[in-house]
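1. pasting a predicted model and its sequence here:
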Amino acid sequence: MEQRENKFRFKGLLSELRLYLCNEWIAGFPSQRIRNFYYRKVMHLNLGPGCSIFMHCSFDCARNLSVGANSVINQKCRLDNRGGISIGENVSISQEVLILTADHDTEAADFKGREKPVHIEDFVWIGTRATILPGVTIGYGALIAAGAVVTKDVAAYSIVGGVPAKLLRSRRKDLSYQTKYKRLFQ
């Protein structure tokens with residue numbers, strides 16, 4: 001029994017060390033190639049071809065993140081991937097965006113934690129410092145305004161903004177761009 005507990009503690013320590021190295025050292029390393037290698041091989045994140053995760057992004061656990069081809073996650077984003085985050089193709093996530101997948105049940109006497117995945121479909125654009133709450137799906141081609149707090153699903157091609165985010169208008173439906181871009185020290 002004690003040997004099993006020691007093995008569990010050691011695995012927990014290794015997991016915390018992997019996450020610490022990821023968020024404190026690797027995230028600040030000025031080579032996207034090295035960061036992506038660590039994210040894929042050590043963190044076990046599923047990164048599509050041509051996707052970019054810029055410097056100083058942080059994660060809440062290993063695994064549970066899938067990013068489609070040519071999608072870009074700009075600097076200083078926090079990705080709480082404990083409940084799972086799936087990001088489609090040609091998605092642009094601006095600086096300092098917060099995507100949460102875990103919270104607490106305020107109705108539970110023990111304040112129990114819970115996890116709900118976030119799904120972001122293709123051609124979505126999320127503006128600077130927007131917050132996406134657990135369990136939200138952002139539909140194809142939607143645009144989230146800077147500073148918005150998204151508390152519920154966003155329909156395809158919708159432009160939403162505010163706190164909480166509300167429909168502002170619709171986006172054009174003939175989207176055909178690629179967000180694929182890299183910068184030397186990002």
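-> Cool, the structure landed. This structure is a prediction, so every number in the text was calculated from the model and none was measured.

2. and stretch 126-139, average pLDDT?
-> What stretch 126-139 shows for mean pLDDT is 98.

3. no, scratch that, I was asking about stretch 161-178
-> Computed over stretch 161-178, the mean pLDDT rounds to 95.

4. buried sites along it?
-> 161, 165, 171 (16 or more other C-beta atoms under 10 Å). The C-beta positions use only the backbone N, C-alpha and C, and glycine is treated the same way.

5. who does the longest helix along the chain touch, helix- and strand-wise?
-> Longest helix in the chain by number of residues (criterion: DSSP state H): helix 2-24. Contact analysis of helix 2-24 by 3 or more C-beta pairs under 8 Å, 6 or more residues apart in numbering; DSSP states H and E lists helix 32-41, strand 58-59 as its packing neighbours.

6. what's the angle from that helix to helix 32-41?
-> Interaxial angle, helix 2-24 versus helix 32-41 (axes from the mean of the first three to the mean of the last three C-alpha atoms, to 10 degrees): 150 degrees.

7. could you give the number of residues near Tyr157?
-> 17 (other C-beta atoms under 10 Å).

8. ok, Phe123 - contacts?
-> Phe123 makes contact with 88-91, 140-141, 175, 177 under the criterion C-beta atoms under 8 Å, 6 or more residues apart in numbering.

9. can you rerun that using 7 Å?
-> Listed by C-beta atoms under 7 Å, 6 or more residues apart in numbering, the contact set of Phe123 reads 90, 140-141, 175.

10. flag the shaky bits of the protein, pLDDT-wise.
-> Counting by pLDDT under 70, the chain contains low-confidence ranges at 1, 4, 7-8, 182-186.

11. nearest the geometric middle of this structure, what residue?
-> In the chain, the C-alpha closest to the average C-alpha coordinate belongs to Leu79, at a distance of 3.8 Å (C-alpha atoms, centre = their mean).

12. what residues are bridge-paired with it?
-> Phe59, Ile99 (DSSP bridges).

13. and the gap between it and Thr106?
-> 24 Å (C-beta to C-beta, to the nearest Å).

14. before we move on, the earlier item: make a PyMOL selection of the buried ones in the contacts of Phe123.
-> Those of the contacts of Phe123 that count as buried under 16+ other C-beta under 10 Å are selected in PyMOL with:
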select buried, resi 90+140+141
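
15. coming back round to it: was I right about the residue nearest to the centre of the chain contacting Ser86?
-> No. Leu79 lies out of contact with Ser86 (C-beta atoms under 7 Å); the separation is 11.5 Å.
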